[in-house]
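Enquirer: Model the structure of this input:
(2 chains)
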There are 2 protein chains.
Amino acid sequence: MTIIPSSQLWLYDTTLRDGTQREGLSVSIEDKLRIARRLDQLGIPFIEGGWPGANPKDVQFFWQLQEDPLKQAEIVAFCSTRRPNTTAAEEPMLQPILAAGTRWVTIFGKSWDLHVTTGLKTSLEENLAMISDTVAYLRSQGRRIIYDAEHWFDGYKHNPDYALQTLEAAVAAGAEWVVLCDTNGGALPHEVTQIVESVKSHLSNLICQIPMTNDQGQRTIPQIGIHTHNDSDLAVANALAAVMAGATMVQGTINGYGERCGNANLCSLIPNLQLKLGYGCIGEHQLLQLTEASRFVSEVVNLAPDEHAPFVGRSAFAHKGGIHVSAVERNPLTYEHIQPEQVGNRRRIVISEQSGLSNVLAKARAFGIELDKEKPEAREILQRMKDLESEGYQFEAAEASFVLLMHEALGDRQLFFEVKGFQVHCDLIEGKESTNALATIKVTVNGKNILEAAEGNGPVAALDAALRKALVNFYPQIATFELTDYKVRILNGHTGTAAKTRVLVESRSGLQRWTTVGVSTNILEASYQAVVEGLEYGLLLHSQTAAALKI
Amino acid sequence: MTIIPSSQLWLYDTTLRDGTQREGLSVSIEDKLRIARRLDQLGIPFIEGGWPGANPKDVQFFWQLQEDPLKQAEIVAFCSTRRPNTTAAEEPMLQPILAAGTRWVTIFGKSWDLHVTTGLKTSLEENLAMISDTVAYLRSQGRRIIYDAEHWFDGYKHNPDYALQTLEAAVAAGAEWVVLCDTNGGALPHEVTQIVESVKSHLSNLICQIPMTNDQGQRTIPQIGIHTHNDSDLAVANALAAVMAGATMVQGTINGYGERCGNANLCSLIPNLQLKLGYGCIGEHQLLQLTEASRFVSEVVNLAPDEHAPFVGRSAFAHKGGIHVSAVERNPLTYEHIQPEQVGNRRRIVISEQSGLSNVLAKARAFGIELDKEKPEAREILQRMKDLESEGYQFEAAEASFVLLMHEALGDRQLFFEVKGFQVHCDLIEGKESTNALATIKVTVNGKNILEAAEGNGPVAALDAALRKALVNFYPQIATFELTDYKVRILNGHTGTAAKTRVLVESRSGLQRWTTVGVSTNILEASYQAVVEGLEYGLLLHSQTAAALKI
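Expert: Below you'll find the predicted structure:
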């Protein structure tokens, strides 16, 4: 893809570099490659891959992409300007950047005089030379340059003249984009608007003095980019303000990952820019993958997805309670700011204390269960749900358990198996490497009593293993079920180990995922309930699929 | 407190009403009272308590506050306009509102013509009558009125004339504030600016026609409020835009709790408004409590605090590794957008791969342990801590465990007892009311071997009971120790029940509280580690107190 800066809007993803600065996030080379390829599919034109040379992982990453390049996106190497009092050609730090073999390089430099004199401990003139020399050297090596102006907004507020000189140095040496970075995240939208407008008018004067041509001999003009952080809860707003003031590149990360409070969240920026402001960022069919891409990335970096995230969160289009729910179903646009499907998300009717019958009916419909609101079963389900919720069960996240509850009330819950009881035994001897747990389980399947035992790396793993051993001969499909998440919550936090425990278990078979819930003062019993229902729901899904295929 | 709308900025908290709409959040009356009193201390002038009559909990809540009122804040009852084709005086829904006994009532009504005709299924004229009649009736009963214009921004965009008529109806009947609600959360900041400005100019024309006096006979003028949701990741930006365009009331919730993606987060709005834009919202000493208040509320509603939350999150002022850290310490303002102490937060040097000795020394100092940085023990502690953290331990929250680790490395860890091993046995028979757990434990105290067994309501409770039985004859003070909290986290979320578990146990003796940590793939072993260290640290505290008393 040949990218020529124009009045179009370009997305620049820095999940793999700035995003990985988030506390608690760490990724392997393999993880980084998977994410890069997913972002490429999503249609992000620029993907910053890391700082080759700063660590061996990033060097490897770029090499692997040279062997097996991305389809569409430009992968970008990131690096600082050269050190003071040397030349770019002699700067060893720049050699791995060239070896990374990218067409584009992002160079960051200092905009704030204070950071130059107290951080770099060099002169303001030398900093300008560092910017200019580094950009010019990389240009001479055939690279195209994006210049990240670090601490831009703070620097500009303290010394606008000097800050503008740093941009001029980058542009004069051949940078095609100057990216204004709110590194500390303290800027407010109205300040961003004013400052971007003033930079834009300053740059447009400059351009006349230094016409440039790109690799194809076409004339290019330097463009403005924006890079914001969320320390003031305004990263998305600041990026929008910059775009509306004339920025043509937006830097951000998937799920807003980043240092401290994170970077501008591309999952929020893209739909705001594309659906509300009419900018073309990614293809329409790619926008449909946004929710999936967000969850994919959170899965790869192994962080729980934010359920309340705008646009892509599980709760982003969730509706609670009575009248409201029926109104949404009648006319969604009056209750939803966009159609959830536009970003690949979906509407959810939430089951909760305030739930009325209409929620239960909507939920039933969503799971293909026919429920007549006039029949007593509907009210019975509502009552049973409310009773269980007052005991600490929660069906908002455990829809599979709710489906089983509905079948129970309708009298058509399929008895795949019945657990008669279990025993768990754990042994720890001080000094031994690890404890083993032993679980014994008694199950009835098709009238046959089965007693099985299994060991595990902990009591719940042992219980799960024993149950599978007991069932797999009857239901071989169980071998495809996988426990993908196990969450424990103490319900009344202030009574210590005697508190009630709620366990959520997420299971998977192929692409299907479902969640079940268990509650008890005994953590093992709560786990057992959730594990058992997880297996039962999996069997139900398989039997429905099998039935559907026969038709 | 007498509130007279003026050009001053008023905060209005709706955590207890709109905030509780968040999926997964539920509160008792006691929780609501604790939060209301904490918000009162924080200096929030208006606290919306709920909708009395919508559920028995909210009726009770207001009654309890009549008996034991808040110190400063106005508690506000929330309700919709009367139903179509009746009168406010005859509307049964309004009686519990009056019975709630608040000085202020917030009434919400429809601004969007479409919601009137398709949602309420009534005429546009009747909706105006409903607003006007409800406000006038409550005024006649001595209440002061805030009018929430639901779906304001969407309504205004579709039919500005009608939307403005609804505000006129509220103002003419005596509402002192009209609050523009972005109910679906779809508005963008530049739209909010334009619309608030146009409402402001419209209202200022109105005022001349309907001068009003408040309870004290002073003339008041209707003011504009703003209520935003975060569906576009812009709730805070939209609220700021409205304030800068002339709104004098800002509605939001603590931690941004709320339906779907949440409401405007007061924990972000207050410091932005007060520290950056110079509005007076709460006292300076109250602002210092912001972080604590945020965590208090998350604790009461039993949701994990967002560690990456702007201003109040644990990572909001976290700095990683080497050069950067020394630069921050030299000149914090060049790396932090505000001083963390201004909002009661603190700078954190992240203990991570890059952690240095200075972090360990700082921790030791905090616990009164003398550690010489030249001695090998200091490096040994650092190494041991890094090893354990890479296994999943976390000492930031489990300082008692870290103190024991330091004593261990210094060679002066007191051996109160030694656990040689334990066994746990759990039994569940289907149909029986609850499972019992049996724990057997082997402990050495002063060279004596003790074997004890105890039952419990779950395996951890049984383990704790057996341990106490074994130790209480030697250390009677153990009887005063109490387990006050027990938290479980799965460390690598995607390997199901084989994942590592981290358990945090909080213990108490009198006013002293301490937290210990355990990590294992076996949840029982992790719990056992944390429980054992909890008892050990309690004994250490007691022996130090006893030693101090002898001096």
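Enquirer: so is A:L303 in a helix, a strand, or just coil?
Expert: Secondary structure, DSSP: H, G, I helix; E, B strand; the rest coil: A:L303 is coil.
Enquirer: Give me the neighbour count for the residue lying closest to it once chain neighbours are set aside.
Expert: Using Cβ to Cβ, 6 or more residues apart in numbering or on different chains and skipping residues adjacent in sequence, the residue nearest A:L303 is A:L25, 6.4 Å away. Glycine gets a C-beta too; all of them are placed from N, C-alpha and C. For A:L25, the count of nearby residues is 16 (other Cβ atoms under 10 Å in any protein chain shown).
Enquirer: cool, and the one 5 residues further on?
Expert: Other residues within reach of A:E30, judged by other Cβ under 10 Å, total 11.
Enquirer: show me what contacts the closest residue to chain B within the stretch 151-300 of chain A?
Expert: Relative to chain B, the nearest point of the stretch 151-300 of chain A is A:G186 (2.7 Å; Cβ to the nearest Cβ). In this structure, A:G186 makes contact with A:F153, A:D154, A:D231, A:S232, B:K276, B:H337, B:I338, judged by Cβ atoms under 8 Å, 6 or more residues apart in numbering or on different chains.
Enquirer: before we move on, the earlier item: and the pLDDT at the residue nearest to A:L303?
Expert: For A:L25, the model assigns a pLDDT of 81.
Enquirer: Correct me if wrong: it contacts A:V301.
Expert: Yes. Applying Cβ atoms under 8 Å, one finds A:L25 in contact with A:V301, separated by 5.3 Å.
Enquirer: Mind listing the shared neighbours of those two?
Expert: Taking Cβ under 8 Å, 6+ apart as the contact rule, A:L25 and A:V301 both touch A:Y257.
Enquirer: Restricted to helices, list the contacts of A:G186.
Expert: Among the contacts of A:G186, the ones falling in helices (DSSP state H) are A:F153, A:D154.
Enquirer: For the stretch 51-200 of chain A, what lies in contact range of chain B?
Expert: Within reach of chain B by Cβ under 8 Å from any Cβ of the partner chain, the stretch 51-200 of chain A has these residues: A:112, A:114-115, A:118-119, A:151, A:154, A:184-186, A:188-190.
Enquirer: Neighbour-wise, which one of those residues leads?
Expert: Busiest of these [other Cβ under 10 Å] is A:P189, holding 29 neighbours.
Enquirer: Okay, that one and B:P310: tell me how far apart.
Expert: Per Cβ to Cβ, to the nearest Å, A:P189 is found 14 Å from B:P310.
Enquirer: Let me have the contacts of A:G186 in CSV, adding distance to B:I478 and pLDDT as columns.
Expert: Listed next are the contacts of A:G186 as CSV, based on distance: Cβ to Cβ, whole Å; pLDDT from 0 to 100:
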residue, distance to B:I478, pLDDT
A:F153, 57, 98
A:D154, 55, 97
A:D231, 46, 98
A:S232, 49, 98
B:K276, 52, 96
B:H337, 48, 95
B:I338, 45, 95
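Enquirer: A:A173: which of the contacts of A:G186 is nearest?
Expert: Taking Cβ to Cβ as the measure, A:A173 sits nearest to A:F153 out of the contacts of A:G186, at 22.6 Å.
Enquirer: And for that closest one, the neighbour number?
Expert: By other Cβ under 10 Å, 27 other residues sit near A:F153.
Enquirer: A:Q64 against A:I29, yeah?
Expert: Yes. Contact criterion Cβ under 8 Å: A:Q64 and A:I29 qualify, at 6.9 Å.
Enquirer: Show the residue spans covered by the strands in the stretch 301-450 of chain A.
Expert: Assigned by DSSP state E, counting those that start in this stretch, the stretch 301-450 of chain A shows strands spanning A:318-319, A:348-349, A:418-429, A:436-445, A:448-456.
Enquirer: averaging pLDDT over each of these, which comes out lowest?
Expert: Looking at the strands of the stretch 301-450 of chain A, the bottom one is strand A:348-349 with a mean of 80.
Enquirer: For the stretch 101-250 of chain A, which residues score under the pLDDT cut-off?
Expert: A:207-220 (pLDDT under 70).
Enquirer: ok, 80 please
Expert: For the stretch 101-250 of chain A, the stretches flagged by pLDDT under 80 are A:205-221.
Enquirer: ok, which stretches of it are strands?
Expert: A:104-110, A:144-150, A:175-181, A:212-213, A:219-220, A:223-227, A:249-252.
Enquirer: what's the residue nearest to A:V135 when sequence neighbours are not counted in contact with, if anything?
Expert: Closest residue to A:V135 apart from its sequence neighbours, by Cβ to Cβ, 6+ apart: A:A173 at 3.7 Å. Neighbouring residues of A:A173 by Cβ under 8 Å, 6+ apart: A:I131, A:S132, A:D133, A:T134, A:V135, A:A136, A:R139, A:I145.
Enquirer: How many residues are close by whatever residue of the stretch 251-400 of chain A ends up closest to chain B?
Expert: In the stretch 251-400 of chain A, no residue comes nearer to chain B than A:H337, which is 2.7 Å away by Cβ to the nearest Cβ. Around A:H337 there are 25 other residues, counting by other Cβ under 10 Å.
Enquirer: In this structure it contacts B:D233, no?
Expert: No. A:H337 lies out of contact with B:D233 (Cβ under 8 Å); the separation is 11.4 Å.
Enquirer: distance of the residue of the stretch 151-300 of chain A closest to chain B from B:G421?
Expert: Counting by Cβ to Cβ, the separation of A:G186 from B:G421 is 55 Å.
Enquirer: do the same with A:Y335
Expert: Distance from A:Y335 to B:G421, by Cβ to Cβ: 59 Å.
Enquirer: Please say which of the two ends up with more neighbours.
Expert: Applying other Cβ under 10 Å to A:Y335 and B:G421 shows that A:Y335 carries more neighbours, namely 21 against 16.
Enquirer: contacting residues around the closest residue to the more buried one other than its chain neighbours?
Expert: Nearest residue to A:Y335 in three dimensions, chain neighbours excluded: A:V328, at 4.5 Å (Cβ to Cβ, 6+ apart). By Cβ under 8 Å, 6+ apart, A:V328 lies in contact with A:H319, A:Y335, A:E336, A:R347.
Enquirer: Please name the residues that touch the residue nearest to the last one when sequence neighbours are not counted.
Expert: This means A:R347. Closest residue to A:R347 apart from its sequence neighbours, by Cβ to Cβ, 6+ apart: A:F317 at 4.7 Å. A:F317 is in contact with A:E336, A:P340, A:N345, A:R346, A:R347, A:R348, B:R260, counting by Cβ under 8 Å, 6+ apart.
Enquirer: these two touch, right, the third one and A:A309?
Expert: Spelled out, that is A:N345. No. Under the criterion of Cβ under 8 Å, A:N345 is not in contact with A:A309, lying 9.8 Å apart.
Enquirer: what residues do these two have in common as contacts?
Expert: What both A:N345 and A:A309 touch, as defined by Cβ under 8 Å, 6+ apart, is the set A:A316.
Enquirer: per the record, what domains does chain A have?
Expert: Chain A breaks down into these domains under the TED database: A:10-282, A:318-393.
Enquirer: okay if I get those domains as a markdown table plus distance to B:T253?
Expert: Shown next, in a markdown table, are the domains of chain A (distance: least, Cβ to Cβ, whole Å):
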| stretch | distance to B:T253 |
| --- | --- |
| domain A:10-282 | 13 |
| domain A:318-393 | 16 |
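Enquirer: Tell me which of these sits most buried.
Expert: Ranked by mean neighbour count, these are led by domain A:10-282 with a mean of 21 (mean count of other Cβ atoms under 10 Å in any protein chain shown).
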